[in-house]
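# I would like the atomic coordinates for the input below:
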Amino acid sequence: MHIYDCYRILGIPRNASADDIKSAYRRLARKYHPDVNQNDPLSAEKFREVQEAYRILKAVGDNPPASTYTQSRQEEPQRTVYQQTKVSVTAKPKADAAPPHTTYGKAQTSAQQTSDPEQKLKLDLLKRVQELIRQKRYVATIPIVDGLRERYPNAPEVAHWQAIAYYRWGSELLMQGRLKEAKAYLSKVLTADPKNRELCFEAKRDLERIP
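Below you'll find the model as predicted:
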């Protein structure tokens, strides 16, 4: 079984913690246990899949490989677009890529140095968005990015961070089992910043986990 399938079977994102993995396993094991579903052979097969997925993810957690996507939760934010907080909000992205990454400090300096009040407002708000995402305060983030998108509909950096906010909140909702809401926000990622292929790929992968 591929490790990506393990996350899909347990219905959790690939940045899930050990506690998240264990919690998902226990919930699904209770749901599909043969004693509870004696007349349903499909549940028995599902129960075996859940057990195997948990066994693999637990083994990965106990013995992290030297170079895989799930190497460690500490390294993952440096390798996935949607968790980057060090993004330049002034650089124009390529046609088929996300905005290039620079340091978070440079974004702050740009906001401080610009003489255009409108540009300064946009950069200050984007800085606030990055801080809220870093703090996992997604409920507070969404209204800000939505307001920014209305005010600056053609700004690629605004689209970029709106999509990131949608993805992070959608992933959180997925972990909470709020599947309908998770599906809505993960779907929004695909229209918020369709040029960000990596982020859209992650969103589609998570959408496939939702029944």
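# and residue 37, what does it touch?
Residues counted as contacts of residue 37 (Cβ atoms under 8 Å, 6 or more residues apart in numbering) are 43-44. Heads up, the C-betas are built off the backbone N, CA and C, glycines and all.
# now do the SS call for it.
Here residue 37 is recorded as coil under DSSP: H, G, I helix; E, B strand; the rest coil.
# pLDDT score for it?
Per-residue pLDDT puts residue 37 at 76.
# quick one: it and residue 9, what's the gap?
17 Å (Cβ to Cβ, to the nearest Å).
# where does pLDDT dip in the chain?
Within the chain, the segments meeting pLDDT under 70 span 1, 41, 61-115.
# give the residue farthest from the middle of this protein.
Largest separation from the mean C-alpha position in the chain: residue 39, at 37.6 Å (Cα atoms, centre = their mean).
# now do the contacts for that residue.
By Cβ under 8 Å, 6+ apart, residue 39 has no neighbours at all.
# so which helix or strand takes in the residue lying closest to residue 208 once chain neighbours are set aside?
Nearest residue to residue 208 in three dimensions, chain neighbours excluded: residue 8, at 6.9 Å (Cβ to Cβ, 6 or more residues apart in numbering). Residue 8 is part of helix 3-10 when elements are defined by DSSP states H and E.
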